[in-house]
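K.L.:
Task: produce atomic coordinates for the following.
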Amino acid sequence: MAELVEDPNSIPRVVSILSSLLQRVAERNDAAHRIPAPHHTASAFHGLTKPSISIRSYLERIFQFAKCSPSCYVVAYIYLDRFLQRHPTVAVDSFNVHRFLITSVITAVKFVDDICYNNAYFAKVGGISLMEMNYLEVDFLFGVSFDLNVTPVIFNSYCSILQSEMLYSESPSAPPRLHCCLSEEESSSCQHQQQLAV
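P.N.:
Residues are numbered from 1 along each chain as shown. A predicted model of the protein is given here:
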């Protein structure tokens, strides 16, 4: 995790790495024109228009105003992966990625950090109404079957994925990557990667 955090006053590297990974996944799914199936959980997160703020700027905004620990972003990534594994018809794209991010981060903050802001504050940070924030949080919790515990082994496996992503993004001659994430069943070995279940 140390490689994912630099100066405690600056935006942690995990924010830029996670935003880069999710940007690539969203662009790939946008290009594939995947439309979420008529599934209640998918429709809750799907917006009518693409937000004008970039994924990176959105995550940086969350970090700037929510002041959650860098560990929360790793845990949010784990939760998002759990959600997508349980709902293989759901695709992360430009219409839903921001809602997934604010919801997975608020869920992670409440589980990981000792102090966190309330849903009204997170709704303002995320640019959504309190009613929508509450609705998304409940849908997300049911979507992950309230499976919020993260073992040290799982946490370290996802840190390794993000560190690998960091090395990839810093390499100018790296070939295009198709795989972004591990399933939790495979995460202890950290050897076989599969696409984010989108």
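
K.L.:
Now do the same for stretch 88-103: mean pLDDT, whole number.
P.N.:
Stretch 88-103 shows a mean pLDDT of 89.

K.L.:
heads up, I number from 342, so please use that
P.N.:
That works, and once the first residue is 342, the last one we named lands at stretch 429-444.

K.L.:
Under a three-state scheme, what state does the closest residue to Arg397 other than its chain neighbours occupy?
P.N.:
Nearest residue to Arg397 in three dimensions, chain neighbours excluded: Ser360, at 3.9 Å (C-beta to C-beta, 6 or more residues apart in numbering). No exception for glycine: its C-beta is placed from N, CA and C like everyone else's. Assigned by DSSP: H, G, I helix; E, B strand; the rest coil, the conformation of Ser360 is helix.

K.L.:
which phi and psi does Lys391 have?
P.N.:
Main-chain torsions, Lys391, degrees, to the nearest 10: phi -80, psi 130.

K.L.:
For this structure, which segments count as helices?
P.N.:
354-372, 381-386, 396-407, 411-427, 438-453, 460-467, 471-484, 493-511, 525-528 (DSSP state H).

K.L.:
Adding mean neighbour count, write the ones you listed out as TSV.
P.N.:
Listed next are the helices of the chain as TSV, based on neighbours: other C-beta atoms under 10 Å:
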stretch	mean neighbour count
helix 354-372	19
helix 381-386	16
helix 396-407	18
helix 411-427	23
helix 438-453	23
helix 460-467	18
helix 471-484	17
helix 493-511	16
helix 525-528	16
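
K.L.:
mind checking the backbone torsions on Ile469?
P.N.:
For Ile469, the backbone dihedrals (degrees, to the nearest 10) come out as phi -130, psi 170.

K.L.:
what's the neighbour count on it?
P.N.:
20 (other C-beta atoms under 10 Å).

K.L.:
Next one: it relative to Leu389, how far apart?
P.N.:
13 Å (C-beta to C-beta, to the nearest Å).

K.L.:
Val355 now?
P.N.:
Going from Val355 to Leu389 by C-beta to C-beta gives 30 Å.

K.L.:
And for His428?
P.N.:
From His428 across to Leu389, the span is 20 Å (C-beta to C-beta).

K.L.:
if you count what's nearby, which of the two comes out ahead?
P.N.:
Higher neighbour count among His428 and Leu389: His428, with 18 against 5, using other C-beta under 10 Å.

K.L.:
you'd agree the more buried one is up against Val485?
P.N.:
No: when contacts are counted by C-beta atoms under 8 Å, His428 is not listed as touching Val485 (9.5 Å).

K.L.:
Now do the nearest residue to Ser357 once chain neighbours are set aside, the pLDDT please.
P.N.:
Distances taken as C-beta to C-beta, 6+ apart place Arg397 nearest to Ser357, at 6.3 Å, with adjacent residues excluded. With respect to pLDDT, Arg397 scores 91.
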